[in-house]
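Novice: Structure, please.
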Amino acid sequence: MQNSEAAMLSSGQILESLQHPVLVVDANSEITYANATAAASFGGWIVGLTLADIFADYLRSTSIGDGPSSMRLMTRQSETYDALFNPLAGEASASVSGRLPSLTLKWCRLRRTT
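Specialist: The predicted model follows:
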């Protein structure tokens with residue numbers, strides 16, 4: 001196994017072990033990756049859904065841009081999360097999403113607010 005492959009495997013293991021939901025979304029706000037915490041928090045298998053399917057107040061135009069952004073989102077069950085969006089590019093985007101590298105992918109870390 002090459003060092004880059006080992007690093008990507010380790011990155012995947014780290015994402016799966018996080019206690020915060022982590023998503024990867026494409027330019028159309030479709031979820032292309034969700035860690036185990038995100039799946040458990042939002043009702044199971046959510047890859048293929050859009051952020052609007054999960055968050056009633058999500059507006060695509062305000063969050064999917066070129067740079068980092070943040071916003072507060074509310075689920076359809078009235079749970080509130082602080083969402084931090086950051087660009088994901090190059091080899092990392094291909095390995096996490098299972099697709100070709102793309103500069104339009106963003107990863108999103110969600111933290112539930114009280």
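Novice: Follow the chain on from the least confident helix or strand in the chain by mean pLDDT and name the next helix or strand.
Specialist: Across the helices and strands of the chain, mean pLDDT, DSSP states H and E gives its lowest value to helix 91-97, namely a mean of 44. Sequence-wise, the next helix or strand downstream of helix 91-97 (DSSP states H and E) is strand 106-112.
Novice: Is the residue most central in space within the chain in a helix, a strand, or coil?
Specialist: Using CA atoms, centre = their mean, the residue of the chain that lies closest to the mean C-alpha position is residue 23, 1.6 Å off. Of the three states, residue 23 takes strand under DSSP: H, G, I helix; E, B strand; the rest coil.
Novice: Bridging across strands, which residues link to it?
Specialist: Here residue 23 sits in beta bridges with residue 34, residue 108, going by DSSP bridges.
Novice: how close does it get to residue 58?
Specialist: Distance of residue 23 to residue 58, computed by CB to CB, to the nearest Å: 12 Å. Backbone N, C-alpha and C define where each C-beta goes, glycine included.
Novice: For residue 53, which non-adjacent residue is closest in space?
Specialist: Closest residue in space to residue 53, ignoring its immediate chain neighbours: residue 46 at 7.8 Å, by CB to CB, 6 or more residues apart in numbering.
Novice: Same check on residue 19?
Specialist: residue 37 (6.0 Å).
Novice: Quick check, pLDDT for the one you found.
Specialist: For residue 37, the pLDDT comes out at 92.
Novice: Determine the number of other residues adjacent to residue 52.
Specialist: 14 (other CB atoms under 10 Å).
Novice: List the contacts of stretch 37-57.
Specialist: Residues from elsewhere that reach stretch 37-57 (CB atoms under 8 Å, 6 or more residues apart in numbering): 18-23, 25, 28-34, 58, 60, 63, 73-76, 81, 110, 112.
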